[in-house]
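Novice: My questions are about this predicted structure, shown below with the sequence.
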Amino acid sequence: MRRRVSREQDDSEVNMTPMLDVVFIMLIFFIVTASFVKEAGIDVNRPDAATAVRKERGNILIAISDTGQIWIDKRQIDIRAVRANIERLHAENPLGAVVIQADEESKNGLLVRVMDAARLAGVSEVSIAAEISE
């Protein structure tokens, strides 16, 4: 009888494989559904606007500094390369809009050239980022 009891105890191990499968499936689900914050590459002082609206969709972010530098995906680029970069990013994310984060001390002409490059790249929705004033 002792032999029978010890044999039953050996067979009563917990199988961890189904639990590990569920954990890995949940991990994959959370990684796929997570939204990642995109940054243009530099911090800019955006102007205040009383009518500013927050956009939550995945966007193509372009930053224009007060010294006239243009940043896309944490890389400084030349004005002549803006259109090509937007075309590439728009091909990766066709539903994304272009959001230009221009410093309030930046030149207006450079902002217009970047907006024009975005529209020539095929993006119809181009926005300018501003701080929401209350």
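Specialist: Yes, it's here. Numbering: from 1, shown residues only.
Novice: Tell me the spacing between residue 77 and residue 96.
Specialist: Separation of residue 77 from residue 96 (C-beta to C-beta, to the nearest Å): 18 Å. Where C-beta positions appear, they are placed from N, C-alpha and C, glycine not excepted.
Novice: neighbours around residue 126, how many?
Specialist: For residue 126, the number of neighbouring residues by other C-beta atoms under 10 Å comes to 19.
Novice: Quick check, pLDDT for it.
Specialist: pLDDT for residue 126: 86.
Novice: what's the spacing between the longest helix along the chain and its chain's center?
Specialist: For the chain, the longest helix by residue count, based on DSSP state H, is helix 17-33. Distance of helix 17-33 from its chain centroid, counting by C-alpha atoms, centre = their mean, to the nearest Å, is 23 Å.
Novice: Send me that helix as CSV with only the CA atoms.
Specialist: The C-alpha trace of helix 17-33 is given here as CSV (Å, rounded to 0.1, in the frame of the first residue of the first chain):
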residue,chain,number,x,y,z
THR,A,17,2.8,24.3,-20.4
PRO,A,18,-0.8,25.6,-21.0
MET,A,19,-0.2,28.4,-18.5
LEU,A,20,3.0,29.5,-20.3
ASP,A,21,1.2,29.3,-23.7
VAL,A,22,-1.5,31.7,-22.3
VAL,A,23,1.1,34.1,-20.9
PHE,A,24,3.0,34.2,-24.2
ILE,A,25,-0.2,34.8,-26.2
MET,A,26,-1.2,37.7,-23.8
LEU,A,27,2.3,39.2,-24.2
ILE,A,28,2.1,39.1,-28.0
PHE,A,29,-1.4,40.6,-27.8
PHE,A,30,-0.2,43.5,-25.6
ILE,A,31,2.9,44.2,-27.8
VAL,A,32,0.8,44.3,-31.0
THR,A,33,-1.9,46.5,-29.5
